[in-house]
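Chemist: attaching a predicted model along with its sequence, questions to come.
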Amino acid sequence: VGAQGLLFGQDAKFTLAAVRHDLSSRYDASAAPPVAVPADAAIAFDDDNHVGAVVAEASLASRPEGRIQWQVGAFLARTRQGRDGLILLADRPSAPLVREKRRDVLGEGALFGEAIGDLGGGWSLTLGGRLFATRSEASSRAAMTTTGAEATFRDARSYVGFAPKVVMSFAPSAATLIYVQAAEGYRSGGFNTAVIPSQTFDSAGGEPQRQYDGDELWSYEAGAKGAWLDGRLRLRAAAFLASWRNIQSDQLLPSGLPYTANLGDGRNVGLEFEGSYVHEGLRLDASFLLNHPELETVNAAFPGRKDLGLAGVPQGSVSLAANYERPVGEGWRGSLDVRAAYIGRSHLSFDG
């Protein structure tokens, strides 16, 4: 739900949202079952997640006629996640061998603001930032039904930070813009727990650790965009650098069960281009992206992985599209759409 209107003569907006996700997955755990099972038995790992979130945001923005455009606001969110992990014989789903019940609560709050100042001569400066605080709580109870062994865990951690944003732009004409920008993003840390009660967590630099740290991403970009031929032709090109610190990544235990670790620092340097041309019923689109992802420093617990790049980041991609549309009768329109895309290969994860 949302509402918007005028407050103190400025544009005000308020939104309140509730989200619910229920996700169920089953994995084959027969290759390396972490519990004693009959020979050649089919073992499954069931992972059921139930996530509910309530998010509220309020903002106040200046009227468009002012020389300085600004926006301020506040953000609140509370997310609850319940996770049930079970290891069981595939033909006996009602009698799990091991079960973990984990509950997480994440509270987030932020104050944000941004101002765009007209410096004259086509130049403008944008300054903004986000002051945020997070608190994560985790509790877990793992039990092995065959032996009665149990393990419980409960802990919480808080984090406060500031994520800035700076943009300098120059508009030599109403149809052309040149810009440079820098911005920071963040992700909170958390806790590892295990389905197996006997799982140990390292505290001397090895993995898995009981806690993993938050990671941050600084992005730098310089680019230009413009429109020609009365707006029919639009082009945009940019060069960028993304610097990623304390990379969070899901890893696998010898049993095949997952945990989260900080792998090290990485970066990605690239070029991107987008273009479109529209004339009457014809539209043409093209784009390409070149990347050079790499791990710069690697957690000592994961040797030999520096040459793997960044998970899920290909070195290149390109796409082409053409669409033609025209009337074919009273109240009817026909269209022809042709698309082609190529995405280069990449590693699915940081695991060699």
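Modeler: Done, it's in.

Chemist: residue 329 and residue 311: what is the separation?
Modeler: 51 Å (CB to CB, to the nearest Å). Yep, even glycine has a C-beta here, placed from its N, CA and C like the rest.

Chemist: the more surrounded of the two?
Modeler: The neighbour comparison of residue 329 against residue 311 (other CB atoms under 10 Å) goes to residue 311, with 18 against 7.

Chemist: what pLDDT does residue 169 get?
Modeler: pLDDT, residue 169: 97.

Chemist: same question but for residue 10, I mixed them up
Modeler: If you check residue 10, the pLDDT there is 89.

Chemist: quick one: contacts for it?
Modeler: 60, 61, 62, 63 (CB atoms under 8 Å, 6 or more residues apart in numbering).

Chemist: format the residues you listed as CSV; extra columns: pLDDT, distance to residue 257 and neighbour count.
Modeler: As requested, the contacts of residue 10 are exported to CSV (pLDDT from 0 to 100; distance: CB to CB, whole Å; neighbours: other CB atoms under 10 Å):
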residue, pLDDT, distance to residue 257, neighbour count
60, 96, 47, 17
61, 95, 47, 16
62, 93, 52, 17
63, 86, 55, 10
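
Chemist: in strands, which of those residues appear?
Modeler: Of the contacts of residue 10, the ones assigned to strands by DSSP state E are 60, 61.

Chemist: now, among the contacts of residue 10, which is nearest to residue 84?
Modeler: Minimum distance to residue 84 across those is 42.5 Å, recorded for residue 60 (CB to CB).

Chemist: separation between the closest one and residue 342?
Modeler: Counting by CB to CB, the gap from residue 60 to residue 342 is 45 Å.

Chemist: kindly report the same for residue 309.
Modeler: Distance from residue 309 to residue 342, by CB to CB: 18 Å.

Chemist: settle it for me: which of these two has more neighbours?
Modeler: residue 309 (20 against 11).

Chemist: find the nearest non-adjacent residue to the more buried one, please.
Modeler: What sits nearest to residue 309 in space, not counting adjacent residues and going by CB to CB, 6 or more residues apart in numbering, is residue 293, at 4.2 Å.

Chemist: where in the stretch 201-350 of the chain is pLDDT low?
Modeler: Confidence mapping of the stretch 201-350 of the chain against pLDDT under 70 gives the ranges 304-308, 350.

Chemist: in the stretch 151-300 of the chain, which spans are strands?
Modeler: Taking DSSP state E, counting those that start in this stretch, the strands of the stretch 151-300 of the chain run over residues 176-187, 190-191, 211-212, 215-228, 233-245, 248-252, 258-262, 264-279, 282-298.

Chemist: do you know which of the ones you listed lies nearest residue 15?
Modeler: Closest approach to residue 15 among those (CB to CB): strand 176-187, 21.0 Å.

Chemist: can you name every helix or strand that the closest one contacts?
Modeler: Using 3 or more CB pairs under 8 Å, 6 or more residues apart in numbering; DSSP states H and E as the contact test, the elements touching strand 176-187 are strand 150-173, strand 215-228.

Chemist: deepest-packed of those, please.
Modeler: Among the helices and strands packed on strand 176-187, strand 215-228 has the highest mean neighbour count (mean count of other CB atoms under 10 Å), at a mean of 16.

Chemist: that one packs against which elements?
Modeler: Short answer (3+ CB pairs under 8 Å, 6+ apart): strand 215-228 packs on strand 176-187, strand 233-245.

Chemist: okay if I get those as CSV plus distance to residue 78 and mean neighbour count?
Modeler: What follows is those, written out as CSV (distance: least, CB to CB, whole Å; neighbours: other CB atoms under 10 Å):
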stretch, distance to residue 78, mean neighbour count
strand 176-187, 17, 16
strand 233-245, 27, 17
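
Chemist: so which residue is dead centre in the protein?
Modeler: residue 187 (8.7 Å; CA atoms, centre = their mean).

Chemist: tell me the bridge partners for that one.
Modeler: residue 215 (DSSP bridges).

Chemist: look up how far residue 51 lies from it.
Modeler: Here residue 187 is placed at a distance of 16 Å from residue 51 (CB to CB).

Chemist: now swap in residue 275 and tell me
Modeler: From residue 275 to residue 51 the distance is 39 Å (CB to CB).

Chemist: likewise for residue 342?
Modeler: From residue 342 to residue 51 the distance is 34 Å (CB to CB).

Chemist: may I have the beta-bridge partners of residue 88?
Modeler: The partner residues for residue 88, given DSSP bridges, come to residue 44.

Chemist: run a quick neighbour tally on it.
Modeler: As a burial measure, residue 88 scores 23 neighbours (other CB under 10 Å).

Chemist: could you pull up the residues touching it?
Modeler: Counting by CB under 8 Å, 6+ apart, residue 88 makes contact with 43, 44, 46, 95, 96, 97.

Chemist: and if we set it to 7 Å?
Modeler: Residues near residue 88 by CB atoms under 7 Å, 6 or more residues apart in numbering: 44, 46, 95, 96, 97.

Chemist: so the third one: helix, strand or coil?
Modeler: Here residue 95 takes the coil state, with states given by DSSP: H, G, I helix; E, B strand; the rest coil.

Chemist: that one and residue 27, how far apart?
Modeler: To residue 27, residue 95 is 18 Å away according to CB to CB.
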